[in-house]
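Enquirer: Fold the following.
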Amino acid sequence: MEIKDTEAKKTKKVIKRKTTKFCIIITLSIAIMSAAIVYQMDVTPFGFNIDVKISSNERLKTVVDKERGLIPLGFIGSITVATVDSGLLIKEDFNWIYEAFYRSRCFKKFDFSDAKVENYTVPNDAFTVSGEDVFSTDKHPMRNLKEIYMPDNIISVGENAFGTCENLTKCDLPDGIKEIGGFAFSNCENLSIKKLPKGLTYIGESAFTNCQMLAITNLPEELSFMGRDVFSDCQNIKITELPEKIESVETQSFFLSGIEKIILNERLTYIGEKAFSYSGLLENVVFKSEIAPKIDNTAFVDLNNINIYYPNTWDVVPRALKFSHIKLIEYDVAEGVIINDKKDGDSPSLSGVKISRR
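Expert: Predicted coordinates for the structure are as follows:
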């Protein structure tokens with residue numbers, strides 16, 4: 001009898017807890033809908049959509065607070081900001097977004113495509129605190145932000161700008177961007193970008209490290225520098241050719257990447273430590289430089305069997321290419337034909353370099 005009474009009490013407690021939670025949800029829903037009517041705001045299942053305009057000397061925090069009234073920040077799902085007169089978005093505004101929506105479950109979108117940004121640059125540490133350890137266990141406080149829209153006149157994205165946005169899926173990069181700073185999008189695992197800006201000249205260290213959904217197939221022609229680890233652990237990229245202005249492939253640039261074949265340009269002078277290591281799909285590499293570049297001995301280790309094409313102008317084949325999993329194929333630069341193939345089988349056709357058997 002006592003056992004039955006105890007079980008009945010437990011059941012009543014469970015029902016009471018569930019009923020209380022249900023009542024809270026209903027009450028909050030009614031409050032949100034009422035607030036939406038009072039403040040005449042758009043509301044979605046993710047929260048309120050707030051549209052604001054910043055004029056001269058105004059800050060984003062001030063205008064958002066004025067617009068939202070009594071609505072808690074935790075109920076805001078998106079912010080769209082425009083600037084009027086001499087209004088300007090500055091680093092303080094970006095940092096406020098980070099502080100206000102730190103770990104917010106509702107905040108999904110930040111649209112500043114109609115805003116003028118100071119120096120036309122998304123500032124360093126835009127969505128982080130300057131000096132914060134980006135590799136700490138709490139490195140993704142903006143994990144629910146999914147969409148970012150920036151103006152067409154942006155010319156630079158600063159260091160560590162959006163590296164805390166783990167679930168960022170959409171962030172189209174305007175063609176006018178010339179520089180992307182180090183760690184700018186690092187660990188944005190769900191970021192889907194298919195092309196980089198046409199005017200891009202510089203990509204900093206680890207700018208796209210661990211961007212698993214990055215689907216880039218080409219690098220911009222104007223690109224002249226890529227930092228170390230730039231596309232490390234980007235398993236969906238299919239880059240096939242190195243732009244002519246690039247002179248070095250830095251340490252772990254394509255480490256654990258998804259590239260399958262790549263043509264290395266004529267100006268290349270250096271390939272760093274583990275630059276292409278663990279890229280399991282890589283099958284063909286073509287060197288075009290007349291003089292053999294300096295290659296770290298680990299640049300092509302931990303790969304499956306690959307074909308490496310090198311020009312007959314090289315005096316010596318670097319030691320880094322003399323591993324059992326590498327099939328060396330010498331070709332005539334002038335005639336574009338294979339001279340020496342140490343193993344039987346057809347040589348693959350790579351666009352950009354005409355290689356055929358004599």
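
Enquirer: how much space is there between Leu223 and Lys294?
Expert: Distance, Leu223 to Lys294, by C-beta to C-beta, to the nearest Å: 21 Å. C-beta: built from backbone N, CA, C; applies to glycine.

Enquirer: try Val301
Expert: 16 Å.

Enquirer: Where do the strands of the stretch 1-150 of the chain begin and end?
Expert: Applying DSSP state E, counting those that start in this stretch to the stretch 1-150 of the chain gives strands spanning 42-44, 47-54, 76-83, 109-114, 121-122, 147-149.

Enquirer: Ok, the stretch 251-358 of the chain next?
Expert: 261-264, 270-271, 284-287, 294-295, 306-311, 326-332, 337-341.

Enquirer: List the contacts of the nearest residue in space to Leu219 that is not next to it in sequence.
Expert: Take Leu219 and drop its neighbours on the chain: the residue closest to it by C-beta to C-beta, 6 or more residues apart in numbering is Pro243, 5.2 Å away. Shown in contact with Pro243 (C-beta atoms under 8 Å, 6 or more residues apart in numbering): Leu219, Pro220, Glu221, Glu222, Leu223, Ser224, Asn265.

Enquirer: returning to what we had before: more crowded one of Leu223 and Lys294?
Expert: Leu223 (20 against 14; other C-beta atoms under 10 Å).

Enquirer: How many neighbouring residues does the nearest residue to Gln235 once chain neighbours are set aside have?
Expert: Distance criterion C-beta to C-beta, 6+ apart; nearest residue to Gln235, sequence neighbours excluded, is Gly258 at 4.4 Å. Neighbour count of Gly258, defined by other C-beta under 10 Å: 21.

Enquirer: Then the one 10 residues further on?
Expert: A total of 21 residues lie near Leu268 under the criterion other C-beta under 10 Å.

Enquirer: Now do the same for it: its pLDDT.
Expert: Leu268 is assigned a predicted lDDT (pLDDT) of 98.

Enquirer: Would you check that it makes contact with Glu247?
Expert: Yes. At 6.4 Å, Leu268 counts as touching Glu247 under the criterion of C-beta atoms under 8 Å.

Enquirer: residues in contact with Leu282?
Expert: By C-beta under 8 Å, 6+ apart, the contact list for Leu282 reads Ile259, Glu260, Lys261, Ile262, Phe276, Leu303, Asn304, Ile306.

Enquirer: Filter those down to the buried ones.
Expert: Ile259, Lys261, Ile262, Phe276, Leu303, Ile306 (16 or more other C-beta atoms under 10 Å).

Enquirer: Could you provide those in JSON lines, with additional columns for pLDDT and distance to Leu168?
Expert: Below are these laid out as JSON lines (pLDDT from 0 to 100; distance: C-beta to C-beta, whole Å):
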{"residue": "Ile259", "pLDDT": "97", "distance to Leu168": "23"}
{"residue": "Lys261", "pLDDT": "96", "distance to Leu168": "29"}
{"residue": "Ile262", "pLDDT": "97", "distance to Leu168": "27"}
{"residue": "Phe276", "pLDDT": "98", "distance to Leu168": "27"}
{"residue": "Leu303", "pLDDT": "94", "distance to Leu168": "31"}
{"residue": "Ile306", "pLDDT": "96", "distance to Leu168": "33"}
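
Enquirer: Is it correct that Glu247 is in contact with Tyr270?
Expert: Yes. Checked against C-beta under 8 Å, the pair Glu247 and Tyr270 is within contact range at 7.1 Å.

Enquirer: before we move on, the earlier item: what's the residue nearest to Gln235 in contact with, if anything?
Expert: Gly258 neighbours (C-beta under 8 Å, 6+ apart): Cys234, Gln235, Asn236, Ile237, Lys238, Ser279, Leu281.

Enquirer: just checking, the second one touches Met213?
Expert: No. Using C-beta under 8 Å, Gln235 and Met213 do not qualify as a contacting pair, with a distance of 9.1 Å.

Enquirer: Look up how far Pro220 lies from Cys188.
Expert: Distance from Cys188 to Pro220, by C-beta to C-beta: 20 Å.

Enquirer: no no, Asn160
Expert: Counting by C-beta to C-beta, the gap from Asn160 to Pro220 is 22 Å.
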